[in-house]
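Visitor: prediction below, plus the sequence it came from.
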Amino acid sequence: MSRSLRALFVSLPLALPLLATGGLAHAQQAFGYDEAERQQELLEVWYEIRESNAQKGNEAAMFDVGMANYAGRGTAVDYDQALRWFARAADADHASAHYYLGYLFATGKGTAADAERSHEHYSRAAELGHADAQYWLGSHLANGEQDPTAALEWLGKAADQGLPAAQYYVGLMHENGQGTSRDPAAAARWYTAAAEQGYRHAQIGLGRLHQNGRGVERDLVQAHVWYSMADDRERLASLETRMNNRDLVTAQGRLKEQNAALQAASAR
């Protein structure tokens, strides 16, 4: 622990009255440094502890030290060190460590870019249940390698974990019949799951399905609600030419209700 941090802990009881009487600025002046410096020192202490645990073979600590070097948390940004610690954690099959190794090899940070090794680490992370890696692998199979059946399987795994981008992609594949038969009702269910998390593309997809009556009942009011939530002004302008004033008023009321319901759900 640094000398200044020890001094902070020793002087803290004496400084508490300053917080009550003199305010934060007075307290910062009394401490001799500001809150940002204090937080940085605490992070440095945290880093020392996690690095000590990592050296003893704790795989979670290895990953934390890798992330600290990757993001500059408690230490300077150092991609070489990040790669080293991620690799050690990955040797113990830490899913997130494999995921970040995939990214580092893809971008050439801390190492030479290596697409094959990147793919290997992303794939292993996906096998270990990492949702973002499952999404990466699924979208890669859908686009670059053109294996829609396998793509849908991996995207479905990520979607089941609640990843909105994956939920949208699964919905799109059901709507278009990629890797499965066309099923607009299933598309609507997946779009809804992502749209309720605020995913804009899914909100537009739901608006489109409601506007055209595909997989759901045709409902221009609900289409208007979803386009409004996505702030898709072009589609809103086109849709409003087909709606009467009563429908537009209803849509505004339903939009407020739906926004309130989603905010209440997210606060739980």
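Guide: Great, that's in hand.
Visitor: excluding its backbone neighbours, what's nearest residue 187?
Guide: In this structure, residue 187 finds its nearest non-sequential neighbour in residue 175, 3.8 Å apart by CB to CB, 6 or more residues apart in numbering. (Each C-beta comes from the backbone N, C-alpha and C, glycine too.)
Visitor: and the pLDDT for that neighbour?
Guide: With respect to pLDDT, residue 175 has a value of 97.
Visitor: tell me the SS of it?
Guide: helix (DSSP: H, G, I helix; E, B strand; the rest coil).
Visitor: so what's it up against?
Guide: Contacts for residue 175 (CB atoms under 8 Å, 6 or more residues apart in numbering) come out as 182, 183, 184, 187, 205, 209, 214, 215.
Visitor: and those, which is closest to residue 159?
Guide: residue 187 (12.0 Å; CB to CB).
Visitor: show me how far stretch 111-124 is from its chain's centre.
Guide: 21 Å (CA atoms, centre = their mean, to the nearest Å).
Visitor: who's in contact with it?
Guide: 79-80, 83, 90, 93, 95, 98-99, 101-107, 133, 136-137, 140.
Visitor: that one: which residues count as buried?
Guide: Within stretch 111-124, the residues that qualify as buried by neighbour count (16 or more other CB atoms under 10 Å) are 111, 117, 118, 119, 121, 122, 123, 124.
Visitor: re the thing from before, distance check, the residue nearest to residue 187 against residue 70.
Guide: For residue 175, the distance to residue 70 equals 37 Å [CB to CB, to the nearest Å].
Visitor: coming back round to it: which one of the buried residues of stretch 111-124 is nearest to residue 191?
Guide: residue 122 (25.9 Å).
Visitor: what's the closest one sitting at in phi/psi?
Guide: phi -60, psi -40 (degrees, to the nearest 10).
Visitor: now it. Nearest residue, chain neighbours left out?
Guide: residue 102 (3.7 Å).
Visitor: the one you found touches residue 137, doesn't it?
Guide: No - with contacts counted by CB atoms under 8 Å, residue 102 stays clear of residue 137, the gap being 9.5 Å.
Visitor: give me the pLDDT value at residue 7.
Guide: 40.
Visitor: where's residue 229 relative to residue 258, distance?
Guide: 7 Å.
Visitor: farthest pair within the buried residues of stretch 111-124?
Guide: Longest span within those, CB to CB: 111 and 123, 17.9 Å.
Visitor: before I go, just wanted to say thanks for your time.
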